[in-house]
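Engineer: Build me a model from this:
(one chain, ligands or ions: 1)
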Amino acid sequence: MAKLKWGMIGGGEGSQIGPAHRLGALADGRFEFAAGALDHRADAGRDYAQRLGIAQDRAYGDWTEMLVGEKDRADRVDLVTVATPNATHFEITKSFLEAGFNVLCEKPMTMTVEEGEAIVGIAEKTGKICAVNYCYSAYPMVRQARAMVQSGELGKPRLVVTNFSHGHHGDATDADNPRVRWRYDPAMAGVSGQFADCGIHALHMASFICNDEVETLSADFASTISSRELEDDAMVNFRMSGGTVGRLWTSSVAIGRQHGFDIQVFGETGGLRWASEQPNQLIYTPVGGRTQIIEKGESGLSEDAQRLSRVSIAHPEGFPLAVANIYCDLADAIAGETRDGLPNASDGVRSMAAVHTAVASAKEGGVWMDARPSIFK
Ligand code: NAI
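Structural biologist: Okay, here's the model as predicted:
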């Protein structure tokens, strides 16, 4: 099978997420890295792209040049990844979708709910794929958790409790580091800092595993480093459409927590726990029964948990291969297969509605508010 052609915008040398996209896209031989506008500095982007093996004429200085350069090529890229800072996602994603490209956009998909709704509309109108990189949903044991909830093994989920809290922005003396600062600057990050950065991964995960959507929420935000305009810590209570009660804590100043993303689902007949720092294990307790550790690679796992794991039992797979699972599902979707669970623009706009609702709720002292985008009310 011929490889699909892949291009990336952002993700330049030294960026946080760029390497995970390159490893992920290229891991399974489904894509070749054909084009890129990798850096906000044109020369640095062109230079790095060529060092990564991209031909000179497809190592672009910026995304508009890439759009013009790729649009009329017979061998144009089949998929464009947008891995730039948040404020640029909407314009780039919109422009490439309208020009007939499939897009994988980093989260948060847009800055506003209206922009998110526009992206949903453009993806529908053009028939192009707009995926959003909620890559944690593609870990094999997260797919296993979703399958167990879907098959009724836990009964109806009563409670979902999730944290995404780390301490890597906890040093006030490093707050001006440009890689950190943009995340708390409304002009670059939007209306929310930590909740839009990490909290929405946790919120998406709650919806993904429970197969339900957030309907209402109440939020408390704090900027614990006072120079930050946007929050670096948030507590969000939510209710899902099916009645599940949700609790979410997200922080970037929780010094000592490295990548503290975990989720617990407590159903009528059992409970589950998954943590990103031990991603190969799912902890399951049936009501009145013993706690079990379900390992990636064991027999009897769900079809997706098996399909999305490449290395044998007890070997770590980890984050770049979870991203690779998003690319595998994208390659299948580009080939016309339906891939349940591939995060899309609807997930992106739901997150944006939750972010804006949380900001409004926090400003009003935690008032409960409808968190759905108008297109899903
Ligand atoms: P970063 O600041 O480390 O890197 C950003 C990169 O984009 C740099 O190489 C920069 O030169 C480039 N860039 C900036 N503006 C550009 C433009 N107009 N055109 C081309 N390149 C441009 O940022 P990081 O942490 O890599 O975040 C990028 C995006 O990825 C953000 O939206 C962030 O929310 C998301 N992200 C997602 C993660 C996930 O788990 N899905 C994890 C980390 C980040």
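Engineer: what pLDDT does the residue in the stretch 51-200 of the chain that the ligand sits nearest to get?
Structural biologist: Closest approach between the stretch 51-200 of the chain and the ligand, counting by Cβ to the nearest ligand atom: Glu106, at 3.6 Å. The way it works is simple: take the backbone N, C-alpha and C, and place the C-beta from them, glycine included. You'll see Glu106 listed with a pLDDT of 98.
Engineer: got the contact list for it?
Structural biologist: With contact set as Cβ atoms under 8 Å, 6 or more residues apart in numbering, Glu106 has these partners: 10, 17, 81-84, 86, 89, 132-133.
Engineer: Sitting in strands, which of those residues do you find?
Structural biologist: 10, 81-83, 132 (DSSP state E).
Engineer: With respect to Ser151, which of those residues is nearest?
Structural biologist: Checking the ones in strands among the contacts of Glu106 against Ser151 with Cβ to Cβ, the nearest one is Val132 at 26.0 Å.
Engineer: The closest one contacts Ser346, doesn't it?
Structural biologist: No: here Val132 lies out of contact with Ser346, judged by Cβ atoms under 8 Å, at a distance of 9.1 Å.
Engineer: Compare these two (neighbour count), which wins?
Structural biologist: Per other Cβ atoms under 10 Å, whichever of Val132 and Ser346 has more neighbours is Val132, with 31 against 21.
Engineer: For the nearest residue to that one once chain neighbours are set aside, which three-state class applies?
Structural biologist: Closest residue in space to Val132, ignoring its immediate chain neighbours: Gly348 at 4.2 Å, by Cβ to Cβ, 6 or more residues apart in numbering. Classification of Gly348 by DSSP: H, G, I helix; E, B strand; the rest coil places it in helix.
Engineer: list the contacts for Gly348?
Structural biologist: Here Gly348 is in contact with 105, 107-110, 116, 119-120, 130, 132 (Cβ under 8 Å, 6+ apart).
Engineer: how close does it sit to Leu104?
Structural biologist: Distance of Gly348 to Leu104, given as Cβ to Cβ, to the nearest Å: 11 Å.
Engineer: how about the residues of the stretch 151-300 of the chain that lie near the ligand?
Structural biologist: For the stretch 151-300 of the chain, the contact set with the ligand under Cβ under 6 Å from any ligand atom comprises 179, 197.
Engineer: where do the strands sit along this protein?
Structural biologist: 4-10, 31-37, 79-83, 102-105, 130-132, 157-165, 214-222, 233-240, 245-251, 260-267, 270-275, 281-286, 292-295, 369-370.
Engineer: The first one pairs with which strands, and in what direction?
Structural biologist: Spelled out, it's strand 4-10. Applying DSSP bridges, strand 4-10 is found paired with strand 31-37 (parallel), strand 79-83 (parallel).
Engineer: Could I have the CA atoms of the shortest one written out in CSV?
Structural biologist: Coordinates of each C-alpha in strand 79-83 appear next as CSV, following Å, rounded to 0.1, in the frame of the first residue of the first chain:
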residue,chain,number,x,y,z
LEU,A,79,-3.1,15.0,6.1
VAL,A,80,-1.9,18.3,7.7
THR,A,81,-1.1,18.4,11.4
VAL,A,82,-1.5,21.7,13.2
ALA,A,83,0.8,21.8,16.2
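Engineer: oh, and call the first residue 13 from now on, that's how I've got it
Structural biologist: Happy to do that; since the first residue is 13 now, the last one works out to strand 91-95.
Engineer: just to revisit the earlier point, got the strands paired with strand 16-22 as CSV, with mean neighbour count and distance to Gly179 columns?
Structural biologist: As requested, the strands paired with strand 16-22 are exported to CSV (neighbours: other Cβ atoms under 10 Å; distance: least, Cβ to Cβ, whole Å):
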stretch, mean neighbour count, distance to Gly179
strand 43-49, 24, 32
strand 91-95, 27, 24
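Engineer: follow-up on the earlier one: from the ones in strands among the contacts of Glu118, which two are the most distant?
Structural biologist: Gly22 and Val144 (14.7 Å).
Engineer: if we can go back for a sec, from Ile338, how far off is the residue of the stretch 63-212 of the chain closest to the ligand?
Structural biologist: Using Cβ to Cβ, one obtains 11 Å as the distance from Glu118 to Ile338.
Engineer: list residues touching both of these two?
Structural biologist: In contact with both Glu118 and Ile338: Asn145, using Cβ under 8 Å, 6+ apart.
Engineer: Using JSON lines, please lay out the strands paired with strand 16-22 together with mean pLDDT and distance to Thr262.
Structural biologist: Shown next, in JSON lines, are the strands paired with strand 16-22 (pLDDT from 0 to 100; distance: least, Cβ to Cβ, whole Å):
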{"stretch": "strand 43-49", "mean pLDDT": "98", "distance to Thr262": "31"}
{"stretch": "strand 91-95", "mean pLDDT": "98", "distance to Thr262": "21"}
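Engineer: Distance to Arg195 added to the ones you listed, as a markdown table?
Structural biologist: Putting the strands paired with strand 16-22 into a markdown table (distance: least, Cβ to Cβ, whole Å) gives the following:
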| stretch | distance to Arg195 |
| --- | --- |
| strand 43-49 | 22 |
| strand 91-95 | 15 |
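Engineer: Tyr72: which of those is closest?
Structural biologist: strand 43-49 (4.1 Å).
Engineer: List the contacts of the closest one.
Structural biologist: 15-23, 34, 37-38, 57, 61, 64-67, 70-75, 77-78, 81-82, 87, 89-91, 339, 343.
Engineer: And for the closest residue to the ligand within the stretch 213-362 of the chain, the neighbour number?
Structural biologist: In the stretch 213-362 of the chain, the residue that lies nearest the ligand is His213 (6.3 Å; Cβ to the nearest ligand atom). Residues lying near His213 (other Cβ under 10 Å) number 22.
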